[in-house]
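Q: With the sequence up front, the predicted model follows.
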Number of protein chains: 2
Amino acid sequence: MGTNIKAMLFDVFGTVVDWREGVARELAAFFLRHGFAGDAHAFADDWRGRYQGSMEPIRRGTRPFTRLDVLHRENLLATFAQWRISTARIDAAEIDELNRAWHRLDPWPDSADGLTKLRKIGLIAPLSNGNILLLTNMAKRARLPWDCILGAEAVQAYKPHPDSYRKTAEILDLSPRQCLMVAAHNGDLHAARDVGMATAFIPRPREHGPRQTTDLVPEQDWDFVARDLIALAEQLAGD
Amino acid sequence: MGTNIKAMLFDVFGTVVDWREGVARELAAFFLRHGFAGDAHAFADDWRGRYQGSMEPIRRGTRPFTRLDVLHRENLLATFAQWRISTARIDAAEIDELNRAWHRLDPWPDSADGLTKLRKIGLIAPLSNGNILLLTNMAKRARLPWDCILGAEAVQAYKPHPDSYRKTAEILDLSPRQCLMVAAHNGDLHAARDVGMATAFIPRPREHGPRQTTDLVPEQDWDFVARDLIALAEQLAGD
């Protein structure tokens, strides 16, 4: 790489994997098994809709760091309550298993190939709010060739808190500007740039389904903009 | 696996890689470059000899958690002083580079193949006192196919403190008895068994060179004893 970038750090939910289809698929099977009526995609959206809010007390320091699997489970139960679906007669182990739908998300078609190419250029790791086990199980199933699993749990801070980016660079003994943050979300890149990281935007216009209105285009002059992870590897290799 | 084991956790220095030859190789080149006389293997032994002591204040809680790269560098400078070798005219960057000899250790001949087989049986991760970057760089160079990088830095506790084992199982959402600790050191297995982990002993009779006297045989009835990591994979697959 002509640039000074030594490590590439990736947002995962939406950027590397398609969380909405993966979660909806498992919800649909669960609904069918229990005779619940309801749109699994809409339920997935509501479950994910509680994601940012559930991390907020931890970012503010009013709740101790709690891994995402635990927040996801709390959010799942709250979404069931919102939908007036009683889970009283469902085994806790089955709820746990449904909650692990987030460990079994499929990558976008370019992700595994793109990461394999990027891994030849430098160190690659997730910088995700997902916990280590979630990201590890996902990588094993989807064959994502991470060099190591980083992210919120490793640094005990949730994005976009500046500590999540800064402490990840520290683990790698790099300055932030030697790290490239790769994301499909302008807000994530904004926070990464604020601490000095380089930035790459990959649009994922179907992350939120066919009627997505957010993050369709880069909202700043990010250092790299690429169609997908394979195209990003080509840009960086030629840089 | 017929047993209940879901994750295999590995000691690394000595168990997976040959630290003594790797460190001596880089020391010999450094000595030659600077015209220092001295036995690189003896220096490597002295450098490593400071390893346990340097973690002790952290285990006791009198020093905040400090990653191993930092302790290794302090120990390197102390060993130079012990050997009355002046490094005053040597660039700090060159000392840093020598210190990273620990990132460039070669695996034992069976390690990469053995881990590849073990990875098909369950989740594999280092539970080493090495820091995340050290283990990541080592794995990338030596093609060690870890599912994720765990160890002291992830849990902010050095082996054999019980927290290092317990908190690693917690990250994996497993009880200790669902974890198998694999090591060439009886002491490591003793501490892992104390918190309830299953244990596997792999003798590495040349870790300390041709005159090794310690850890030549299993000192307790460990759950598994195997000649090397390939043989361990065969035992576990047939279990």
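A: Here it is on my side, so go on. Numbers count the residues shown, from 1 in each chain, chains lettered A, B, ... in the order given.
Q: how close does the residue of chain A positioned farthest from its centre sit to chain B?
A: The outermost residue of chain A relative to its centre, with distances by Cα atoms, centre = their mean, is A:R89 at 31.6 Å. Relative to chain B, A:R89 is positioned 25 Å away (Cβ to the nearest Cβ, to the nearest Å). The C-beta positions use only the backbone N, C-alpha and C, and glycine is treated the same way.
Q: A:D223 now?
A: Between A:D223 and chain B the computed distance is 23 Å (Cβ to the nearest Cβ).
Q: Check A:A191 too.
A: A:A191 sits 22 Å away from chain B, going by Cβ to the nearest Cβ.
Q: hang on, that residue packs against A:P160?
A: Yes. The criterion here is Cβ atoms under 8 Å, and A:A191 meets it with A:P160 at 3.4 Å.
Q: So what's the residue count around the spatially closest residue to A:T87 that is not a sequence neighbour?
A: Computed as Cβ to Cβ, 6 or more residues apart in numbering or on different chains, the closest residue to A:T87 that is not its neighbour in sequence is A:F80, at 5.3 Å. Neighbourhood size, A:F80 [other Cβ atoms under 10 Å in any protein chain shown]: 18.
Q: And A:N75, by the same measure?
A: 20.
Q: quick one on the thing from earlier: run the chain-centre distance for whichever strand or helix holds the residue nearest to A:T87.
A: Taking DSSP states H and E as the criterion, A:F80 maps to helix A:68-82. Chain-centre distance of helix A:68-82: 17 Å, with Cα atoms, centre = their mean, to the nearest Å.
Q: Determine the set of other helices and strands touching it.
A: Applying 3 or more Cβ pairs under 8 Å, 6 or more residues apart in numbering or on different chains; DSSP states H and E, one finds that helix A:68-82 contacts helix A:40-49, helix A:51-60, helix A:92-99, helix A:132-142.
Q: Dump the last one to PDB, restricted to CA.
A: These are the backbone C-alpha positions of helix A:132-142, laid out as PDB (Å, rounded to 0.1, in the frame of the first residue of the first chain):
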ATOM      1  CA  ILE A 132     -16.100 -11.700  20.500                       C
ATOM      2  CA  LEU A 133     -18.100 -15.000  20.400                       C
ATOM      3  CA  LEU A 134     -20.800 -13.600  18.100                       C
ATOM      4  CA  LEU A 135     -18.100 -12.400  15.600                       C
ATOM      5  CA  THR A 136     -16.100 -15.700  16.000                       C
ATOM      6  CA  ASN A 137     -19.000 -17.900  15.300                       C
ATOM      7  CA  MET A 138     -20.100 -15.800  12.400                       C
ATOM      8  CA  ALA A 139     -16.600 -15.900  10.900                       C
ATOM      9  CA  LYS A 140     -16.300 -19.600  11.300                       C
ATOM     10  CA  ARG A 141     -19.700 -20.200   9.600                       C
ATOM     11  CA  ALA A 142     -19.200 -17.700   6.800                       C
END
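Q: contact partners of stretch A:187-194?
A: A:9, A:11, A:159-162, A:165, A:176, A:179, A:181, A:183, A:199-201, A:220, A:222 (Cβ atoms under 8 Å, 6 or more residues apart in numbering or on different chains).
Q: just the helices and strands packed on helix A:68-82: most buried one?
A: Comparing the helices and strands packed on helix A:68-82 by mean neighbour count (mean count of other Cβ atoms under 10 Å in any protein chain shown), helix A:132-142 ranks first with a mean of 23.
Q: Any idea how many residues pack against the nearest residue to A:T15 once chain neighbours are set aside?
A: Nearest non-adjacent residue to A:T15, counting by Cβ to Cβ, 6+ apart: A:A184, 4.3 Å away. When neighbours are defined as other Cβ under 10 Å, A:A184 has 22 of them.
Q: list the contacts for A:A184?
A: Applying Cβ under 8 Å, 6+ apart, the residues near A:A184 are A:D11, A:G14, A:T15, A:F201, A:I202, A:P203, A:R204, A:E207, A:D215.
Q: can I assume A:T116 is in contact with A:W146?
A: No. Between A:T116 and A:W146 there is no contact under Cβ under 8 Å: 10.8 Å.
Q: Not counting its neighbours along the chain, what's nearest A:K117?
A: Closest to A:K117 by Cβ to Cβ, 6+ apart is A:A233, at 3.6 Å.
Q: Then that neighbour would be within a strand, right?
A: No. Assigned with DSSP: H, G, I helix; E, B strand; the rest coil, A:A233 falls outside any strand and is helix.
Q: How much space separates the nearest residue in space to A:R59 that is not next to it in sequence from A:F201?
A: Ranked by Cβ to Cβ, 6+ apart and with sequence neighbours excluded, the top spatial neighbour of A:R59 is A:H161, at 4.9 Å. A:H161 sits 21 Å away from A:F201, going by Cβ to Cβ, to the nearest Å.
Q: Model confidence for A:D239, exactly?
A: Predicted confidence (pLDDT) at A:D239: the value is 67.
Q: Alongside chain B, which residues does chain A contribute?
A: Residues of chain A that fall close to chain B, judged by Cβ under 8 Å from any Cβ of the partner chain: A:69, A:123, A:125, A:131-133, A:135-137, A:139-140, A:146-150, A:153-154, A:171-173.
Q: if you set the cut-off to 10 Å instead, what comes out?
A: Counting by Cβ under 10 Å from any Cβ of the partner chain, the residues of chain A close to chain B are A:7, A:67, A:69-70, A:96, A:100, A:119, A:122-125, A:131-137, A:139-140, A:145-150, A:153-154, A:156, A:170-174.
Q: Quick check on those: which are buried?
A: Among those, the ones that count as buried by 16 or more other Cβ atoms under 10 Å in any protein chain shown are A:7, A:67, A:69, A:100, A:119, A:122-125, A:131-137, A:139-140, A:146-150, A:153-154, A:171-174.
Q: So A:H161 and A:F201 - more neighbours on which side?
A: Neighbours were counted for A:H161 and for A:F201 using other Cβ under 10 Å; A:F201 has more, 26 against 18.
Q: isn't A:R227 right up against A:W108?
A: No. Assessed by Cβ atoms under 10 Å, A:R227 is found out of contact with A:W108, at 11.3 Å.
Q: still on that earlier bit, tabulate the helices and strands packed on helix A:68-82 in a markdown table, adding columns for mean pLDDT.
A: As requested, the helices and strands packed on helix A:68-82 are exported to a markdown table (pLDDT from 0 to 100):
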| stretch | mean pLDDT |
| --- | --- |
| helix A:40-49 | 98 |
| helix A:51-60 | 98 |
| helix A:92-99 | 98 |
| helix A:132-142 | 98 |
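Q: which one of those helices lies closest to A:L27?
A: helix A:40-49 (4.0 Å; Cβ to Cβ).
Q: Run the chain-centre distance for that closest one.
A: 16 Å.
Q: With stretch A:71-84 instead?
A: Offset of stretch A:71-84 from its chain centre (Cα atoms, centre = their mean): 20 Å.
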